[in-house]
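**Student:** Compute the structure for the input listed below.
(chains A and B)
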Number of protein chains: 2
Amino acid sequence: ELCWSVLLREGLFPRGHLHQNHLLPATDGDTKTMTFLQEVVDILLAYIVESFDRETKVIDFHYPNELLQMNNWELQDEPATLDDILISCRATLKYAIKTAHPRYFNQLSTGLDMVGLAADWLTSTANTNMFTYEVAPVFVLLEYVTLKKMREIIGWPDGRGDGIFSPGGAISNMYAMLLARFKMFPEVKEKGMSSVPRLVAFTSEHSHFSIKKGAAALGIGTESSCIILHILVALVQGFVPFFVSATAGTTVYGAFDPLIAISDICKKYNIWMHVDGAWGGSLLMSRRHRWKLDGVERANSVTWNPHKMMSVPLQCSALLVREEGLMQNCNQMHACYLFQQDKHYDLSYDTGDKALQCGRHVDIFKLWLMWRAKGTIGFEAQIDKCLELSEYLYNKIKDREGYEMVFDGKPQHTNVCFWYLPPGIRYMEDKEERKKHLHKVAPVIKARMMEYGTTMVSYQPQGDKVNFFRMVISNPAATFEDIDFLIEEIERLGQDL
Amino acid sequence: ELCWSVLLREGLFPRGHLHQNHLLPATDGDTKTMTFLQEVVDILLAYIVESFDRETKVIDFHYPNELLQMNNWELQDEPATLDDILISCRATLKYAIKTAHPRYFNQLSTGLDMVGLAADWLTSTANTNMFTYEVAPVFVLLEYVTLKKMREIIGWPDGRGDGIFSPGGAISNMYAMLLARFKMFPEVKEKGMSSVPRLVAFTSEHSHFSIKKGAAALGIGTESSCIILHILVALVQGFVPFFVSATAGTTVYGAFDPLIAISDICKKYNIWMHVDGAWGGSLLMSRRHRWKLDGVERANSVTWNPHKMMSVPLQCSALLVREEGLMQNCNQMHACYLFQQDKHYDLSYDTGDKALQCGRHVDIFKLWLMWRAKGTIGFEAQIDKCLELSEYLYNKIKDREGYEMVFDGKPQHTNVCFWYLPPGIRYMEDKEERKKHLHKVAPVIKARMMEYGTTMVSYQPQGDKVNFFRMVISNPAATFEDIDFLIEEIERLGQDL
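**Tutor:** This is a model prediction of the structure:
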């Protein structure tokens, strides 16, 4: 039997004529399929190696209208050839952002782990759903094993409790709020919010916006999600406080709320304590830094996103819950076409009915395989290194000419927030004028970074503070030299402003 | 420079000593990385080819406690070698269910598309988030192009409107309910449910359980989600009907609600009309079958899951919304660290603030690339073929000895629901006794299917109907012979019962 590549080489099978319907499940589609997938993999492998090369651009940036013109992205009635498909893959990667690049610092999720990537490729190939053991036996077991391990690390006795991997921290936080409400007022499931008193949720000023999104969605209302000091005021006004979300690692400053003090308040008023550790939860893996989460073991629920500080490919977010069985009671609807009660195996492994989702993507394998490959100590070393890099950055700029720090003291996480003041505004006397100028500096430097494609870092205003850079380091590829480069690049791109 | 594989071959680099920290971003990690990823890909390619082979088992089934013993799945402090990682990959696939297998019929999502798989591998490699154009320029544009195309197919003028890809149909349906409530009572976002009258949502009896899950989560309560006939009763009782979810393709029977009639009612009472076409929406791609959704263009929102009938790898679910801007107003929280208003590009491409999620997985590329590869006509042919197969099955068993159909008439979708009666109970006179026996038949046959690994099909009871098989066909690899095989297999495994 001649293989496809031989036919191609000899011109017997003009490759421009090959279409997806020559691939599996087509009869004799094996070789063509393997050749096609191998060609895609070759493109991906080249992209990966390129992404780690500092000589490569982080991004080949184009404005939306330009990018729309640079390729034919429209969908057609007629099929394209496999050649065209490969061209589309190359074009997509050409204009993609290289999130693996050692100088990509733009988000809390950066970097690309090779074992995690391999695991994600396997997950795609397995192409199944998490709702029952029947269709995902191994993945369901691995979720069970991993959630238990994470609960042990939180510090719950014998790792007991519950949990789920959900599509991101916002959904994990929403689950927590849902559970808190159900725990206090189980009748809300059937009867809705009209059966319960006016509820109020508490969170810290710099908490993630998903707490407010959750409050809006759940019918609590954003006005009823206050900052934490007003708890007594709320009680006096007749509200029922049911949920406190403490943040372990705020998005902008990387600050950790005092969990022990908060847990005392929650205990006193009998309020569900949630810890949003989407960003900071991973510090639990570090013997050097886990004290920042002291008291987390007193929480009723914890959000922890391994896709951030642990560099697991997107998405991988866990909600851990201390009480067993509550998620099931809160969310189950007993769909008999999924969760048949007369199956021939232990039904406790059919975890789907505790989710809000029906189908649920397999997010566990990449975390599990990476954990396997690194060991707990490997994750610890990776996390410690990122914190070391941020301390290096902080020490480097805190007294450097042209820099001002946004908040006092050493950052608790890898967030280093600072203003860069170009020489022209450094000694401006009119404070308001200076502020107005300074507000425009970070956006212009950022736009230039993207134009040149050399690095990417985030900026934002906050309260009355004008635009500042928020540097975060979660990228395991970054080194001290990359931090030096970032500072030089900011100065190079910003000195004329 | 010697490459890794040469060193390995010559025994200069004992491969048992290689760990993940020899891979990128390690210095000189290129070759080792490419070799490692290629070894993983070789495992995956072999698995793919095997999955399509009818001689292979659909599943090598083991009970949870057995499976826990069959490999060391525990997480350790110390790292494993890359060899061990490859072993873990092989073990995971050995016990996985082969969802690509031509005889896997267990769920609404079956099959494995080769272009879709390639696209998912690329997506993993690109490892980014959908929230801003800045970090996902191409993917954001492709989502824009594809959602517009889907709205054109629904029949909204010029494809105008809005939409989002969400993690599954349950979340898409929840979005719709959230939008409906916000449209009628925008104050609910800030003030919560206590600011609005008692709401009631309507849905058909056989609708998906996610409608009830959504009602519970949103604080409406499951008791306030009624079947559709009671609308006047609700009005009289002082409830405010705000949401009707019509189903296009129910989960068990594959039935289509009469959308035109429902839209008339919604218009009369000024109620948001949602169409849950998670399963049936794909029939819009078929000129032969799209009449079943006549009236869908009158809906305010439509759920449509390309990961079901269109065989896009999991997950890929779209919510399409007729009104522009509503999603943004309903869900936005203006997080200034993501959606800076002074960016240098057109901010309308920063779509993240219309989502409930913060980070959002890239689910678009697999759909877009498959659409490219098949063309609209390719999807149409694939869908038509699945419906043809189910008609073949229906015709084959409707008068066959030992079979009874669960509902009268030709199925509207690919769902064929039937009882198989083993000879021993076929002529049982005691109806109750017969029913009791029959209830146990499907579970035993299903358990035996899994034990032998020859095929998999779902079963369930429904109302007063005892366990019956629900055959669904969404697997593009299935042929007429596989349908014949299924029937033979049911009879082989069930005749002694």
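
**Student:** ok, A:Arg54 - contacts?
**Tutor:** A:His101, A:Pro102, A:Arg103, A:Asp482 (C-beta atoms under 8 Å, 6 or more residues apart in numbering or on different chains). Backbone N, C-alpha and C define where each C-beta goes, glycine included.

**Student:** And the next helix or strand past the lowest-mean-pLDDT helix or strand in chain A?
**Tutor:** Ranked by mean pLDDT, DSSP states H and E, the helix or strand of chain A with the weakest confidence is helix A:4-9, at a mean of 60. On the C-terminal side of helix A:4-9, the closest following helix or strand by DSSP states H and E is helix A:30-51.

**Student:** so what secondary structure elements neighbour that next one?
**Tutor:** Helix A:30-51 sits against helix A:4-9, helix A:82-94, helix B:30-51, helix B:114-126, with contacts defined as 3 or more C-beta pairs under 8 Å, 6 or more residues apart in numbering or on different chains; DSSP states H and E.

**Student:** can you point me to the longest helix in chain A?
**Tutor:** For chain A, the longest helix by residue count, based on DSSP state H, is helix A:364-397.

**Student:** Work out the gap between it and the centre of the chain.
**Tutor:** Distance of helix A:364-397 from the chain centroid (C-alpha atoms, centre = their mean, to the nearest Å) equals 15 Å.

**Student:** before we move on, what about stretch A:468-479?
**Tutor:** Stretch A:468-479 sits 15 Å away from the centroid of its parent chain (C-alpha atoms, centre = their mean).

**Student:** Go through that stretch and flag the buried ones.
**Tutor:** Buried residues in stretch A:468-479, counted by 16 or more other C-beta atoms under 10 Å in any protein chain shown: A:Phe468, A:Phe469, A:Arg470, A:Met471, A:Val472, A:Ile473, A:Ser474, A:Asn475, A:Pro476, A:Ala477, A:Ala478, A:Thr479.

**Student:** how far away is A:Asn467 from B:Tyr337?
**Tutor:** From A:Asn467 across to B:Tyr337, the span is 11 Å (C-beta to C-beta, to the nearest Å).

**Student:** try A:Arg181
**Tutor:** A:Arg181 is 28 Å from B:Tyr337, by C-beta to C-beta.

**Student:** Please identify which of the two sits among more neighbours.
**Tutor:** Ranked by neighbour count (other C-beta atoms under 10 Å in any protein chain shown), A:Arg181 and B:Tyr337 place A:Arg181 first, with 25 against 18.

**Student:** For A:Arg54, grab phi and psi.
**Tutor:** As for A:Arg54, its main-chain torsions (degrees, to the nearest 10) stand at phi -70, psi -20.

**Student:** do you know how far it is from chain B?
**Tutor:** Distance from A:Arg54 to chain B, counting by C-beta to the nearest C-beta, to the nearest Å: 10 Å.

**Student:** dump the residue contacts of the nearest residue to A:Leu319 once chain neighbours are set aside.
**Tutor:** Nearest in space to A:Leu319, with sequence neighbours left out and distances taken as C-beta to C-beta, 6 or more residues apart in numbering or on different chains, is A:Ser172 at 4.0 Å. For A:Ser172, the contacting residues are A:Ser166, A:Ala278, A:Thr303, A:Asn305, A:Ser317, A:Ala318, A:Leu319, by C-beta under 8 Å, 6+ apart.

**Student:** Can you add pLDDT, secondary structure and neighbour count and give the residues you listed back as TSV?
**Tutor:** As requested, the contacts of A:Ser172 are exported to TSV (pLDDT from 0 to 100; DSSP: H, G, I helix; E, B strand; the rest coil; neighbours: other C-beta atoms under 10 Å in any protein chain shown):
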residue	pLDDT	secondary structure	neighbour count
A:Ser166	98	strand	27
A:Ala278	98	coil	31
A:Thr303	98	strand	31
A:Asn305	98	coil	30
A:Ser317	98	strand	28
A:Ala318	98	strand	27
A:Leu319	98	strand	26
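
**Student:** Farthest-apart pair in the residues you listed, please.
**Tutor:** Across the contacts of A:Ser172, no pair lies farther apart than A:Ser166 and A:Ala278, at 10.9 Å, counting by C-beta to C-beta.

**Student:** picking that back up, now do the longest helix of chain A and helix B:114-126, the angle between them.
**Tutor:** Comparing the axes of helix A:364-397 and helix B:114-126 via axes from the mean of the first three to the mean of the last three C-alpha atoms, to 10 degrees yields an angle of 30 degrees.

**Student:** Phi and psi next, for the residue nearest to A:Ile153 when sequence neighbours are not counted.
**Tutor:** Excluding the flanking residues, the one nearest A:Ile153 by C-beta to C-beta, 6+ apart is A:Leu284, at 5.1 Å. Note on A:Leu284: its backbone torsions stand at phi -60, psi -20 [degrees, to the nearest 10].

**Student:** you'd agree A:Leu284 is up against A:Leu293?
**Tutor:** Yes. Between A:Leu284 and A:Leu293 there is a contact at 5.8 Å, judged by C-beta atoms under 8 Å.

**Student:** helix or strand for the closest residue to A:Ser224 other than its chain neighbours, which one?
**Tutor:** Excluding its sequence neighbours, the residue lying closest to A:Ser224 (C-beta to C-beta, 6+ apart) is A:Val200, at 4.6 Å. Counting by DSSP H and E, the element that carries A:Val200 is strand A:199-203.

**Student:** ditto for A:Lys213
**Tutor:** helix A:210-217.

**Student:** And A:Asn467, by the same measure?
**Tutor:** Judged by DSSP H and E, A:Asn467 forms part of strand A:465-471.

**Student:** Restricting to C-alpha, output that strand in CSV.
**Tutor:** Output of strand A:465-471 as CSV, limited to C-alpha atoms (Å, rounded to 0.1, in the frame of the first residue of the first chain):
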residue,chain,number,x,y,z
LYS,A,465,-4.4,57.2,41.0
VAL,A,466,-3.6,57.9,37.3
ASN,A,467,-2.4,55.1,35.0
PHE,A,468,0.4,53.0,36.4
PHE,A,469,2.2,49.9,35.3
ARG,A,470,1.2,46.7,37.0
MET,A,471,4.0,44.3,36.4
